[in-house]
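Chemist: Attaching a predicted model along with its sequence, questions to come.
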Amino acid sequence: MKKVVIALFAVVAFAGTACAADVMDLKKGVKFNHKAHQTAVGDCKKCHEKGPGKIEGFGKEWSHKTCKGCHADMKKGPTSCKECHK
């Protein structure tokens with residue numbers, strides 16, 4: 001029975017990564033609108049260097065460098081703490 005539950009959990013977890021949610025709740029109150037970023041950026045490899053799925057190395061340092069950097073370069077999107085962390 002334990003193996004069945006673990007297998008079902010793995011299938012559900014994988015299915016969730018294959019079809020990313022439109023809006024994701026990240027740590028520290030950050031909401032990320034994946035669908036809006038797909039539309040605005042257009043190039044998935046800008047964030048997903050190795051293809052679809054989880055972003056390797058994703059965390060505080062990665063997101064502060066990559067997300068804030070992109071927002072600053074595009075002059076669009078939040079760049080201050082309180083604009084992301086609600």
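Modeler: Right, received. Where do you want to start?

Chemist: switch to C-alpha atoms for all contacts and neighbour counts from now on
Modeler: Will do.

Chemist: So residue 53 belongs to a helix, correct?
Modeler: No. With DSSP: H, G, I helix; E, B strand; the rest coil as the criterion, residue 53 is located in coil rather than a helix.

Chemist: and it, how many neighbours?
Modeler: As a burial measure, residue 53 scores 14 neighbours (other C-alpha atoms under 10 Å).

Chemist: in what helix or strand does residue 62 lie?
Modeler: Per DSSP states H and E: residue 62 is located in helix 60-74.

Chemist: Tell me which residues are up against that helix.
Modeler: Contact with helix 60-74 is made by 47, 77, 78, 79, as judged by C-alpha atoms under 8 Å, 6 or more residues apart in numbering.

Chemist: can we see that at 6 Å?
Modeler: 77, 79 (C-alpha atoms under 6 Å, 6 or more residues apart in numbering).

Chemist: Go through that helix and flag the buried ones.
Modeler: Buried residues in helix 60-74, counting neighbours by 16 or more other C-alpha atoms under 10 Å, are found at 67, 68, 70.

Chemist: quick one: low-confidence parts of this protein?
Modeler: By pLDDT under 70, the low-scoring segments of the chain are 1-20.

Chemist: can you pull out the strands in it?
Modeler: 23-25, 31-33 (DSSP state E).

Chemist: Which strands border the first one, and is each parallel or antiparallel?
Modeler: The pairing partners recorded for strand 23-25 under DSSP bridges are strand 31-33 (antiparallel).

Chemist: looking at it, residue 34 is touching residue 22, isn't it?
Modeler: Yes. Contact criterion C-alpha atoms under 6 Å: residue 34 and residue 22 qualify, at 5.2 Å.
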